[in-house]
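[1] Quick one, what's the 3D model for this:
(one chain, ligands or ions: 2)
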Amino acid sequence: MKWYSLALLAAPSQAALRFGCSTLSIQRLDPLVEPGRIPSAHVHQIVGGNTFNATMSGDLGEQGTCTTCTFTEDFSNYWTAVMYFKHTNGSYKRVQIMENDALPAGINGGMTVYYTQQDFNSNGNQKITAFKPGFRMTVGSPTTDSLSAAKGHVGLRFVCLDTKSTRFPELPDFPTKKCKRGIMTVHHFPSCWDGKNLDSPDHQSHMYNTAKEAFSPAGPCPSSHPIRMPQVAYETLWDTTPFDNMWPADGSNPFVLSFGDNKGYGTHADYVFGWKGDSLQRAMDSSCMFQACENGKPLKSQTPAQMNKCSVKTLVNEPTDGWLKELPGMNM
Ligand SMILES: *[C@@H]1O[C@H](CO)[C@@H](O)[C@H](O)[C@H]1NC(C)=O
Ligand SMILES: *[C@@H]1O[C@H](CO)[C@@H](O)[C@H](O)[C@H]1NC(C)=O
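    Ligands and ions are numbered 1, 2, ... in the order given. The predicted model follows:
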């Protein structure tokens with residue numbers, strides 16, 4: 001028996017984090033792609049730490065005082081575009097975000113965030129190196145405008161929800177039929193790092209993706225980007241059901257992303273690292289899975305009510321909700 005427990009001790013870790021973050025803010029800010037610009041080009045939903053601002057720098061883990069995420073040492077920010085419904089009369093209404101079934105009840109909107117090993121199948125077969133303070137990256141681009149390019153963005157997908165737990169099939173663009181329970185957007189980031197740059201001019205070339213789809217097995221990191229970082233992914237569930245009786249008569253997809261994209265080819269997401277100290281590295285070196293990582297084993301955590309209390313000031317004074325004549329920032 002002894003050799004067996006030693007073998008377990010020597011085995012690499014298998015940590016996988018999956019946690020909820022409630023909505024921190026919905027406004028036109030983008031400190032990564034358009035730092036300092038108030039307002040930025042289009043509306044985002046943002047979750048995470050309260051150091052979120054039009055411009056962000058330094059070690060966010062040392063600056064934050066609250067977070068909308070489950071783990072209280074995670075002051076990172078995670079954001080994506082938001083979804084609007086376009087009525088045949090030309091007006092827009094923001095699609096509300098709903099909670100993931102897999103999470104504790106009571107989380108206000110937001111998204112589900114994953115930090116996994118290379119993939120679920122090869123858990124623990126290599127060292128995962130946590131991001132460093134100042135690290136940031138994006139995936140996808142609002143300027144992507146073809147289906148073939150969207151298919152090439154293997155980590156960026158839409159799921160037509162029959163129930164809140166539907167996960168397949170994953171589509172490269174918006175579902176074209178009514179989805180019974182809503183639409184889920186999925187954003188997987190690349191996880192191989194060049195080992196040098198915390199960011200790059202396009203916010204992407206310091207990273208390299210080896211995953212093929214969803215959480216499927218990822219190939220080894222190339223020599224240009226040799227360091228395996230956590231596989232970060234977001235899931236956001238959009239409640240399209242209030243619009244079921246307002247679909248256009250011709251059956252065409254009435255949903256658009258906040259930059260006016262009704263195909264979904266330009267779906268994208270942003271990440272700014274902000275875990276305090278070595279907390280993320282400790283988590284990735286442990287062998288906890290999902291909610292078992294909470295309550296100090298090894299990560300400090302909080303309740304949905306505490307998560308929902310964290311917020312930031314809205315710097316852009318404009319409505320993003322209710323019936324709008326145009327998408328904020330898209331007057332054309
Ligand atoms: C956000 O940034 C502005 C300058 O752009 C600054 O005046 C403000 O204090 C910052 N807010 C917080 C909460 O740090
Ligand atoms: C479009 O329809 C919605 C829903 O009935 C309504 O609230 C909105 O005011 C309408 N917009 C215009 C411009 O008529």
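[2] can you pull the contacts of the residue nearest the centre of the chain?
    The chain has residue 234 as the residue nearest its centroid, 3.1 Å off, counting by CA atoms, centre = their mean. By CB atoms under 8 Å, 6 or more residues apart in numbering, the contact set of residue 234 is 78, 80, 111, 112, 113, 114, 185, 186, 187, 269. From N, CA and C alone the C-beta is placed, and that goes for glycine too.
[3] Name the member of these that has the highest neighbour count.
    Among those, residue 111 has the most neighbours (other CB atoms under 10 Å), with 31 neighbours.
[4] which bits of the protein sit near ligand 1?
    Proximity of the chain to ligand 1, by CB under 6 Å from any ligand atom, involves residues 53, 54, 55.
[5] Distance check, the last one against residue 131.
    For residue 55, the distance to residue 131 under the criterion CB to CB, to the nearest Å works out to 20 Å.
[6] try the second one
    When distance is defined by CB to CB, residue 54 is 22 Å away from residue 131.
[7] Which one's more surrounded, the two?
    Comparing residue 54 with residue 131 by other CB under 10 Å, the one with more neighbours is residue 131, at 22 against 18.
[8] Secondary structure class of the more buried one, three-state.
    At residue 131, secondary structure determined by DSSP: H, G, I helix; E, B strand; the rest coil is coil.
[9] returning to what we had before: quick one: which of the contacts of residue 234 is nearest ligand 2?
    residue 185 (24.2 Å; CB to the nearest ligand atom).
[10] partner residues bridging the closest one?
    residue 158, residue 236 (DSSP bridges).
[11] Verify the contact between it and residue 233 for me.
    No: Residue 185 is beyond contact range of residue 233, at 11.1 Å (criterion: CB atoms under 8 Å).
[12] Show me where the stretch 201-332 of the chain has its helices.
    In order along the chain, the stretch 201-332 of the chain carries the following helices (DSSP state H, counting those that start in this stretch): 279-285, 304-309.
[13] Kindly report the same for the stretch 51-200 of the chain.
    60-63, 147-152.
[14] who wins for proximity to residue 296 among the ones you listed?
    helix 60-63 (17.4 Å; CB to CB).
[15] got the CA coordinates for that closest one in CSV?
    Extracted C-alpha coordinates of helix 60-63, given in CSV (Å, rounded to 0.1, in the frame of the first residue of the first chain):
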residue,chain,number,x,y,z
LEU,A,60,-4.2,44.2,-9.3
GLY,A,61,-4.0,41.5,-6.7
GLU,A,62,-2.6,44.1,-4.3
GLN,A,63,-5.0,46.8,-5.3
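[16] contacts for that helix?
    Residues from elsewhere that reach helix 60-63, judged by CB under 8 Å, 6+ apart: 49, 51, 73, 75-77, 133, 272-277, 279.
[17] Residues of this protein that sit close to ligand 2?
    For the chain, the contact set with ligand 2 under CB under 6 Å from any ligand atom comprises 87, 89, 90, 91, 323.
[18] Check the burial of the third one by counting its neighbours.
    The local packing count at residue 90 equals 8, with neighbours defined by other CB under 10 Å.
[19] Could you tell me which residues make contact with it?
    Going by CB under 8 Å, 6+ apart, residue 90 touches residue 325.
[20] do the fourth one as well
    With CB under 8 Å, 6+ apart as the criterion, the residues that contact residue 91 are 323, 324, 325.
[21] Let me know the distance separating it from residue 322.
    Taking CB to CB as the measure, residue 91 falls 10 Å from residue 322.
[22] Quick one: neighbours of the residue lying closest to residue 232 once chain neighbours are set aside, just the number.
    Excluding the flanking residues, the one nearest residue 232 by CB to CB, 6 or more residues apart in numbering is residue 189, at 4.4 Å. Counted with other CB under 10 Å, residues neighbouring residue 189 total 25.
[23] In this structure residue 189 contacts residue 269, no?
    Yes: using CB under 8 Å, residue 189 is in contact with residue 269, at 7.3 Å.
[24] so what's in contact with those two at the same time?
    By CB under 8 Å, 6+ apart, the residues touching both residue 189 and residue 269 are residue 139.
[25] Residue 250 - how many residues pack around it?
    Residues near residue 250, counting by other CB under 10 Å, number 6.
[26] Could you do residue 309 as well?
    Number of residues near residue 309 (other CB under 10 Å) recorded here: 13.
[27] my guess is it meets residue 67, correct?
    No: counting by CB under 8 Å, residue 309 stays clear of residue 67, with 10.4 Å between them.
[28] before we move on, the earlier item: contacting residues for the nearest residue to the residue nearest to the centre of the chain once chain neighbours are set aside?
    Nearest residue to residue 234, sequence neighbours excluded (CB to CB, 6+ apart): residue 187, at 4.5 Å. Going by CB under 8 Å, 6+ apart, residue 187 touches 80, 139, 140, 155, 156, 233, 234, 267, 268, 269.
[29] All set, thanks.
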